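Undergrad: how would this look folded up:
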Amino acid sequence: MASGSAAASSSNWVMESGDIPHVLAVDDNLIDRKLVEKLLRNSSCKENGPMALELLGLTSGEQSTLNGESKVNLVITDYCMPGMSGYELLKKIKQSSIMKEVPVVIMSSENIPTRINKCLEEGAQMFMLKPLKQSDVKQLTCQLMNLGR
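TA: All right, here's what the predicted structure looks like:
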């Protein structure tokens with residue numbers, strides 16, 4: 001596990017060069033959603049897992065490209081949400097044949113090592129502790145910039 005408040009796993013997923021990364025932020029807390037939206041210029045925000053799955057086109061077993069919008073290049077989701085946890089959302093994304101290579105970052109205000117390890121083992125790109133710090137934002141920005149390389 002990486003030092004500091006973020007843990008990361010490796011991924012070989014690369015987006016097409018020239019694309020602006022499109023981030024889907026999923027959090028039941030409006031302030032946290034707005035923070036991510038403000039920090040990342042090309043983002044969509046949803047307040048729960050089922051709404052995110054609908055946006056991704058994963059509710060009926062068919063994948064879409066955001067109803068005509070640009071493809072999602074990264075999903076950042078809260079772990080604790082009503083209806084569907086970030087872990088359950090991660091599992092559904094990783095089970096999708098089209099979306100499984102999209103990096104998923106999990107956020108939580110609770111530093112529970114077993115939860116962090118479970119998410120990373122299931123395929124999360126990174127686990128970040130809330131509230132997000134400037135260093136976490138820089139690390140996430142670096143990850144986004146590396147997607148285009």
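
Undergrad: chain center to stretch 24-35, what's the gap?
TA: On the basis of Cα atoms, centre = their mean, to the nearest Å, stretch 24-35 sits 11 Å off its chain's mean C-alpha point.

Undergrad: Gln143 and Ile93, how far apart?
TA: 16 Å (Cβ to Cβ, to the nearest Å). Just so you know, the C-beta spots here come from the backbone N, C-alpha and C atoms, and that holds for glycine as well.

Undergrad: which one's more surrounded, those two?
TA: Shown here are Gln143 and Ile93; by other Cβ atoms under 10 Å, Ile93 has more neighbours (27 against 18).

Undergrad: dig out what Lys46 forms beta bridges with.
TA: Note on Lys46: beta-bridge partners Val26, judged by DSSP bridges.

Undergrad: give me the neighbour count for it.
TA: By other Cβ under 10 Å, neighbour count at Lys46 equals 22.

Undergrad: show me the shaky parts of this protein.
TA: 1-20, 41, 60-70, 144, 147-149 (pLDDT under 70).

Undergrad: for it, what spans make up the strands?
TA: Taking DSSP state E as the criterion, the chain contains strands spanning 6-8, 23-26, 43-46, 74-78, 104-108, 126-129.

Undergrad: Ser135 is nearest to which of the ones you listed?
TA: With Cβ to Cβ as the criterion, Ser135 lies closest to strand 6-8 of those, at 8.0 Å.

Undergrad: and the longest helix along the chain, what does it pack onto?
TA: As assigned by DSSP state H, the longest helix anywhere in the chain is helix 134-147. Using 3 or more Cβ pairs under 8 Å, 6 or more residues apart in numbering; DSSP states H and E, the elements in contact with helix 134-147 are strand 6-8, helix 30-39, strand 74-78, strand 126-129.
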